[in-house]
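Undergrad: make a model of this:
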Amino acid sequence: MFIIVLISIILYLIFTTVIKYNTKLEKDQKVKYIIVGHIVVFIITSILCNITSSQIDNIKQLVNITRNTAILIFAPLNSIILAPIGNMLSKLKNNNITSEQFKARLIIIFVIAVILLILEFRYIKNFQTGLLAYAKK
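TA: Numbers count the residues shown, from 1 in each chain. Next up is the predicted model:
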């Protein structure tokens with residue numbers, strides 16, 4: 001579990017670095033975006049993992065461990081996938097792109113995110129089932 005937590009922290013640091021160096025927002029806006037981004041993605045991933053683990057009938061303690069493991073793995077990955085939104089916000093604020101371009105890019109990212117969440121739903125369910133099967137051995 002220590003390795004999973006370490007990987008999770010590293011992935012969150014990658015997300016934070018991407019936002020810090022790839023956006024031209026002011027420091028306080030970067031910090032707000034990073035914190036809000038982490039919280040939103042964590043909540044979305046937690047909901048997704050709770051839905052998948054509710055469909056698994058097994059020992060409650062093992063299900064909690066697999067759910068927490070899945071959250072630690074997938075929340076930072078989702079953060080990295082959604083990191084371009086910060087870059088788009090800074091471009092919009094600096095008038096490098098129009099609001100129409102921003103909306104179009106945001107829709108594209110939203111569609112990609114929805115597709116990835118659907119794929120993650122299936123993957124997380126299989127991931128949890130596999131971990132439970134391994135734990136039973």
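
Undergrad: centroid-nearest residue for the protein?
TA: In the chain, the residue lying closest to the centroid (CA atoms, centre = their mean) is residue 78, at 2.3 Å.

Undergrad: quick one: it and residue 38 touch, right?
TA: No: Residue 78 is beyond contact range of residue 38, at 10.1 Å (criterion: CB atoms under 8 Å). In short, each C-beta sits where N, CA and C put it, glycine included.

Undergrad: give me the three-state assignment for the residue nearest to the centre of the chain.
TA: State at residue 78, reduced to three classes by DSSP: H, G, I helix; E, B strand; the rest coil: helix.

Undergrad: distance of it relative to residue 112?
TA: Distance, residue 78 to residue 112, using CB to CB, to the nearest Å: 11 Å.

Undergrad: ok so, going back, who's in contact with the residue nearest to the centre of the chain?
TA: 41, 44-45, 113, 116, 120 (CB atoms under 8 Å, 6 or more residues apart in numbering).

Undergrad: any of those residues buried? List them.
TA: Neighbour-count burial (16 or more other CB atoms under 10 Å) applied to those gives 41, 44-45, 113, 116, 120.

Undergrad: determine the longest helix present in this structure.
TA: helix 99-136 (DSSP state H).

Undergrad: buried ones in that helix?
TA: Within helix 99-136, the residues that count as buried by 16+ other CB under 10 Å are 102, 105, 109, 113, 116-117, 120, 124-125, 127-129, 131-132.

Undergrad: picking up where we left off before, and the residue nearest to the centre of the chain, how far from residue 65?
TA: On the measure of CB to CB, residue 78 and residue 65 end up 20 Å apart.

Undergrad: returning to that earlier point: what would the contacts of residue 78 look like in JSON lines with distance to residue 17 and pLDDT?
TA: Formatted as JSON lines, the contacts of residue 78 follow (distance: CB to CB, whole Å; pLDDT from 0 to 100):
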{"residue": "41", "distance to residue 17": "16", "pLDDT": "80"}
{"residue": "44", "distance to residue 17": "21", "pLDDT": "82"}
{"residue": "45", "distance to residue 17": "20", "pLDDT": "81"}
{"residue": "113", "distance to residue 17": "21", "pLDDT": "84"}
{"residue": "116", "distance to residue 17": "21", "pLDDT": "85"}
{"residue": "120", "distance to residue 17": "23", "pLDDT": "83"}
